[in-house]
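Participant: return a 3D structure for these sequence lines:
(one chain, ligands or ions: 2)
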Amino acid sequence: MKIHSAEFELSCVKPEQYPRERLLEVAFVGRSNVGKSSTINSLLNRKKLSKVSVTPGKTQTLNFFRIKTADKIIPDMFFVDLPGYGYAKVSKSVRQQWGPMIERYLSEREQLFAVVQLVDSRGVEAHDVTTYEWLCHIGHPPIVVTTKVDKLNRSQRNPCLTKLCQSLQLPNPDDVILYSAKTNEGRLELWKAIRERRETAE
Ligand SMILES: Nc1nc2c(ncn2[C@@H]2O[C@H](COP(=O)(O)OP(=O)(O)O)[C@@H](O)[C@H]2O)c(=O)[nH]1
Ligand SMILES: [Mg+2]
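Facilitator: Ligands and ions are numbered 1, 2, ... in the order given. Below you'll find the predicted structure:
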């Protein structure tokens, strides 16, 4: 995928602040530290577009990035980096704001055409399962991406994938994209999946 440009557009916390411009949007969800920012940067061939953090729970806003590609199907769109869920160390009041903010965006945003859910290849947590089920329930069955696969050796891959499919009750392991932001493994597959969502959205 040739990326013409990828730029930060805005950060926001409520619908009145979402971009007015009606571009198609792809949202990235997953627990804090799963590799959302790194995956976005890797997809876009950018090193530091979306801030990669060593402190989980840092992103507390919806962050929109304006993407222009050479692809005819998806020439212009926004990538939306959502705050990570399930991080215990942020204060309760902050957490209580997060859930509704994310849920509202995902369930109400009309121009949202694909949700990418990232789960750590080394283990699925209860929150990943409830998020997956909820996304299916609201009509946004996500593209499932399992991150940091460079941390697994060859013999660990299949068992991890099988476990992940069992936890999320995915019938087909081929539906999971193995990703490494370190090696860019999975980059083409993920672009292909995003493109397919766009093609079948109409
Ligand atoms: N080895 C490896 N580390 C990764 C990968 N993706 C992210 N990380 C690391 O995991 C940590 C959290 O990444 P980040 O992208 O900030 O996660 P986010 O909180 O979901 O946005 C950082 O230290 C990253 O360098 C990956 O594919 N491989
Ligand atoms: Mg992040």
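Participant: distance of the residue nearest the centre of the chain from residue 72?
Facilitator: Residue closest to the average C-alpha location in the chain (C-alpha atoms, centre = their mean): residue 28, at 2.1 Å. Distance, residue 28 to residue 72, by C-beta to C-beta, to the nearest Å: 23 Å. Just so you know, the C-beta spots here come from the backbone N, C-alpha and C atoms, and that holds for glycine as well.
Participant: averaged pLDDT, stretch 124-133. What do you get?
Facilitator: Summarised as a single mean, pLDDT over stretch 124-133 is 90.
Participant: so does it get close to ligand 1?
Facilitator: No - Stretch 124-133 stays out of contact with ligand 1 when judged by C-beta under 6 Å from any ligand atom, the minimum separation being 12.4 Å.
Participant: report the distance from that stretch to the chain centre.
Facilitator: In terms of C-alpha atoms, centre = their mean, to the nearest Å, the centre of stretch 124-133 is found 14 Å from the chain centre.
Participant: which outside residues touch whichever helix or strand the residue nearest to the centre of the chain is part of?
Facilitator: When elements are defined using DSSP states H and E, residue 28 is found to belong to strand 24-30. Residues from elsewhere that reach strand 24-30 (C-beta atoms under 8 Å, 6 or more residues apart in numbering): 36, 39-40, 64, 74, 76-82, 84-85, 102, 105-106, 109, 111-119, 128, 131, 135, 142, 147, 194, 198.
Participant: could you flag which of these are buried?
Facilitator: 36, 39-40, 64, 74, 77-82, 84-85, 102, 105-106, 109, 112-119, 128, 131, 135, 142, 147, 194, 198 (16 or more other C-beta atoms under 10 Å).
Participant: wasn't residue 8 part of a helix?
Facilitator: No - assessed with DSSP: H, G, I helix; E, B strand; the rest coil, residue 8 is strand; it does not lie in a helix.
Participant: hmm, what's the outermost residue in the protein?
Facilitator: Residue of the chain lying farthest from the centroid, by C-alpha atoms, centre = their mean: residue 155 (26.4 Å).
Participant: what about that residue, which SS state?
Facilitator: At residue 155, secondary structure determined by three-state DSSP is helix.
Participant: can you check the one 3 residues further on too?
Facilitator: Using three-state DSSP, the three-state assignment for residue 158 comes out as helix.
Participant: just give the nearest non-adjacent residue to residue 189, would you?
Facilitator: residue 177 (4.9 Å; C-beta to C-beta, 6 or more residues apart in numbering).
Participant: residues in contact with that neighbour?
Facilitator: 143-146, 186, 189-190, 193.
Participant: which among the residues you listed gets closest to ligand 1?
Facilitator: residue 186 (9.1 Å; C-beta to the nearest ligand atom).
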